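**Q** build me a model from this:
(one chain, ligands or ions: 3)
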Amino acid sequence: MGLIVQKFGGSSVRDAERINNVAGIVTGAYMQGNSVVVVVSAQGDTTDDLIEKAAEINPKASKREMDMLLAAGEQMSSALLAMAIERLGFPVISLTGWQAGFLTHSTHGAARIRSIDGERIRKELDSNQIVVVAGFQGVDRFDDITTLGRGGSDTSAVALAAELRADVCKIYTDVDGVYTADPRFVKGAVKLEEITYDEMLELASLGANVLHNRSVEMAKRYHVTLEVLSSLEQKPGTLVKEAVKVEKLLIKGVAKDENVARIAVIGLPDTPGIAFKIFSLLASRKINVDIILQSIGRHNTKDISFTVPLSDKDSALELLHEKFDVIGAERIEADDNVVKVSIVGAGMQSNPGVAAKMFEALYDANINIQMISTSEIKISVLIDRKDGNRALTAVHDAFDFNAGK
Ligand code: ADP
Ligand code: ASP
Ligand code: MG
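**A** Ligands and ions are numbered 1, 2, ... in the order given. Model (predicted):
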């Protein structure tokens with residue numbers, strides 16, 4: 001007996017049949033004597049469909065109105081799931097994000113949670129209700145509806161688990177756990193029994209969208225034990241936690257990120273302060289820069305290339321062109337025909353040769369590396385977009401994941 005937070009993604013509540021299936025899982029946990037809080041995403045492709053609908057009417061719709069629209073998807077699925085649970089004869093109530101007490105910052109489309117006032121949920125739990133909460137949404141201090149960014153329902157669930165001090169937060173999805181690579185693209189991908197917060201955070205940030213990266217960040221900060229598991233098959237999933245039993249694997253996974261573009265600022269004066277000028281400009285618009293490469297100065301000029309999220313490419317270019325004279329570059333180039341492929345694993349810290357192995361696999365597959373970046377537990381390469389899936393498989397095949405089984 002305890003308090004469980006369960007989260008069901010879009011595919012798990014896709015249609016009436018899937019909603020009834022979820023109602024079965026939820027009531028099963030309730031009948032075992034648990035207090036159950038459920039977080040749901042919008043059904044199937046509802047969020048994408050709503051985005052398309054908006055674009056038909058106004059391709060430059062304000063982010064505030066987009067949030068107003070998108071939040072409706074989760075409101076629908078939470079009510080529908082509550083109806084399915086009601087029909088099974090259980091006490092249940094659905095709540096929107098703001099009814100559930102989610103207070104967020106005001107950055108529409110990517111709002112961060114400021115706090116959760118859990119009073120309403122606690123009151124409902126005290127009267128033995130199953131509580132179904134619309135994920136992905138909250139309200140800012142002006143009472144405007146906000147959303148947490150694509151995939152953000154995971155973060156709603158973890159935040160609630162932290163606020164309510166839940167025993168576990170179970171993320172039900174359409175795969176039965178976290179794999180060493182996206183099982184949809186890599187045939188030999190192996191399911192992991194467990195993974196550390198740090199490794200999962202890197203994987204999620206580098207393109208493994210099985211968990212929203214902020215949900216992992218939050219789980220780590222508040223010590224929430226996460227389990228990623230299937231809503232369609234009853235079997236143990238993958239545990240995400242502080243430390244794993246024995247580190248058997250050199251690397252835990254391979255990920256591909258397609259939301260990336262490369263910008264090159266060419267012919268810059270080879271003087272101090274240039275990098276500062278460029279990157280402080282980008283920071284002023286909250287544009288995240290990832291891999292950075294600076295050429296060695298020659299003939300008093302140098303080039304700086306870097307990657308930004310593809311979704312920020314246009315605003316980064318606009319900004320750099322606006323300040324073209326201040327920066328003093330000869331020209332600016334952009335390339336969105338790239339993807340980032342990364343390997344992640346705490347085991348690589350104490351094992352030299354991991355990078356060489358990755359690069360050898362790419363060489364054998366005749367894939368050219370444009371940029372490289374490394375940290376203690378990851379290595380990323382930027383390559384041609386068309387080579388993305390081949391690189392993913394080639395790199396994955398180079399490492400032995402069966403040792404972790
Ligand atoms: P949900 O709708 O339940 O939130 P998502 O589509 O957001 O589901 O996340 C599940 C998907 O994540 C899987 O269908 C899978 O294709 C993808 N994925 C990417 N990388 C991985 C990985 N390393 N392990 C498992 N799934 C992954
Ligand atoms: N419905 C939102 C999305 O599609 C949030 C989520 O699914 O987590 O991004
Ligand atoms: Mg998701």
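
**Q** not counting sequence-adjacent ones, nearest residue to the residue in the stretch 51-200 of the chain that ligand 2 sits nearest to?
**A** Minimum separation of the stretch 51-200 of the chain from ligand 2 (CB to the nearest ligand atom) falls at Ser153, amounting to 3.2 Å. Quick note: C-beta positions are derived from backbone N, CA and C, even for glycine. Leaving aside its chain neighbours, Ser153 sits nearest to Gly135 (2.9 Å; criterion: CB to CB, 6 or more residues apart in numbering).

**Q** in contact with that neighbour, which residues?
**A** By CB atoms under 8 Å, 6 or more residues apart in numbering, Gly135 lies in contact with Lys7, Val39, Val40, Ser41, Glu74, Gly97, Gly152, Ser153, Asp154, Ser156, Ala157.

**Q** the fourth one touches Ser153, doesn't it?
**A** Spelled out, that is Ser41. Yes. Using CB atoms under 8 Å, Ser41 is in contact with Ser153, at 4.3 Å.

**Q** mutual contacts of the two, please.
**A** What both Ser41 and Ser153 touch, as defined by CB under 8 Å, 6+ apart, is the set Lys7, Gly9, Glu74, Gly135, Phe136.

**Q** just put these in a markdown table and tack on secondary structure, distance to ligand 3 and pLDDT.
**A** As requested, those are exported to a markdown table (DSSP: H, G, I helix; E, B strand; the rest coil; distance: CB to the ion, whole Å; pLDDT from 0 to 100):
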| residue | secondary structure | distance to ligand 3 | pLDDT |
| --- | --- | --- | --- |
| Lys7 | strand | 9 | 98 |
| Gly9 | coil | 5 | 98 |
| Glu74 | helix | 12 | 98 |
| Gly135 | coil | 9 | 98 |
| Phe136 | coil | 10 | 98 |
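
**Q** highest neighbour count among those residues?
**A** Counting neighbours by other CB atoms under 10 Å, Gly135 leads the shared contacts of Ser41 and Ser153 with 34 neighbours.

**Q** lowest-confidence helix or strand of this structure?
**A** Scoring the helices and strands of the chain by mean pLDDT, DSSP states H and E places helix 324-327 at the bottom, with a mean of 86.

**Q** still on that earlier bit, which among the contacts of Gly135 gets closest to Leu201?
**A** Asp154 (12.3 Å; CB to CB).

**Q** so what's the residue count around the closest one?
**A** Residues near Asp154, counting by other CB under 10 Å: 31.

**Q** check the one 3 residues further on too.
**A** Number of residues near Ala157 (other CB under 10 Å) recorded here: 33.

**Q** that one touches Val168, doesn't it?
**A** No. With contacts counted by CB under 8 Å, Ala157 stays clear of Val168, the gap being 10.9 Å.

**Q** where do the contact lists of these two overlap?
**A** Here Ala157 and Val168 share the contacting residues Val5, scored by CB under 8 Å, 6+ apart.

**Q** what sits against the residue nearest to Asn128 when sequence neighbours are not counted?
**A** Among residues not flanking Asn128 along the chain, Pro91 sits closest, at 5.8 Å (CB to CB, 6+ apart). Shown in contact with Pro91 (CB under 8 Å, 6+ apart): Ser127, Asn128, Gln129, Ile130.

**Q** next one: phi and psi at the nearest residue to the last one once chain neighbours are set aside?
**A** Going back to what we said before, that points to Ile130. Leaving out its chain neighbours, the residue that sits closest to Ile130 by CB to CB, 6+ apart is Val92, at 4.4 Å. With angles defined as degrees, to the nearest 10, Val92 sits at phi -150, psi 150.

**Q** check Asp126 too.
**A** phi -60, psi -30.

**Q** ok so, going back, closest to ligand 3 among the contacts of Pro91?
**A** Nearest to ligand 3, judged by CB to the ion, of the contacts of Pro91 is Ile130 at 22.1 Å.

**Q** could you report the pLDDT at that closest one?
**A** pLDDT, Ile130: 98.

**Q** just give me the neighbour total for it.
**A** So Ile130, with other CB under 10 Å, has 26 neighbours.

**Q** that one and Phe90 touch, don't they?
**A** Yes. Assessed by CB under 8 Å, Ile130 is found in contact with Phe90 at 5.9 Å.

**Q** common neighbours of those two, please.
**A** Shared contacts of Ile130 and Phe90 (CB under 8 Å, 6+ apart): Thr27, Tyr30.

**Q** contact residues of the stretch 101-250 of the chain facing ligand 1?
**A** With the criterion set to CB under 6 Å from any ligand atom, the stretch 101-250 of the chain comes near ligand 1 through 151, 173-175, 178-179, 181-184, 208-210.

**Q** kindly reformat the residues you listed as TSV containing secondary structure, distance to Ala111 and neighbour count.
**A** Shown next, in TSV, are these (DSSP: H, G, I helix; E, B strand; the rest coil; distance: CB to CB, whole Å; neighbours: other CB atoms under 10 Å):
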residue	secondary structure	distance to Ala111	neighbour count
Gly151	coil	14	21
Thr173	strand	23	23
Asp174	coil	26	15
Val175	coil	27	20
Val178	coil	26	31
Tyr179	strand	30	25
Ala181	coil	31	25
Asp182	coil	27	20
Pro183	coil	31	17
Arg184	coil	29	10
Ala208	coil	23	23
Asn209	coil	19	15
Val210	coil	22	22
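
**Q** closest to Phe102 among these?
**A** Closest to Phe102 out of these is Gly151 (16.1 Å), distances taken as CB to CB.

**Q** would you mind measuring from the closest one to Ile57?
**A** 25 Å (CB to CB, to the nearest Å).

**Q** say whether ligand 3 is contacted by stretch 145-161.
**A** Yes. Stretch 145-161 is in contact with ligand 3 by CB under 5 Å from the ion, via Gly151.

**Q** could you report the pLDDT at Gln370?
**A** Reading off the model, Gln370 has pLDDT 95.

**Q** my guess is Met68 meets Asp143, correct?
**A** No. Judged on CB under 8 Å, Met68 makes no contact with Asp143 at a distance of 11.9 Å.

**Q** where does the protein dip in pLDDT?
**A** 244-248, 403-405 (pLDDT under 70).

**Q** ok, which stretches of it are helices?
**A** 16-31, 46-57, 63-87, 119-126, 153-163, 197-205, 213-221, 274-284, 313-322, 324-327, 354-364, 388-398 (DSSP state H).
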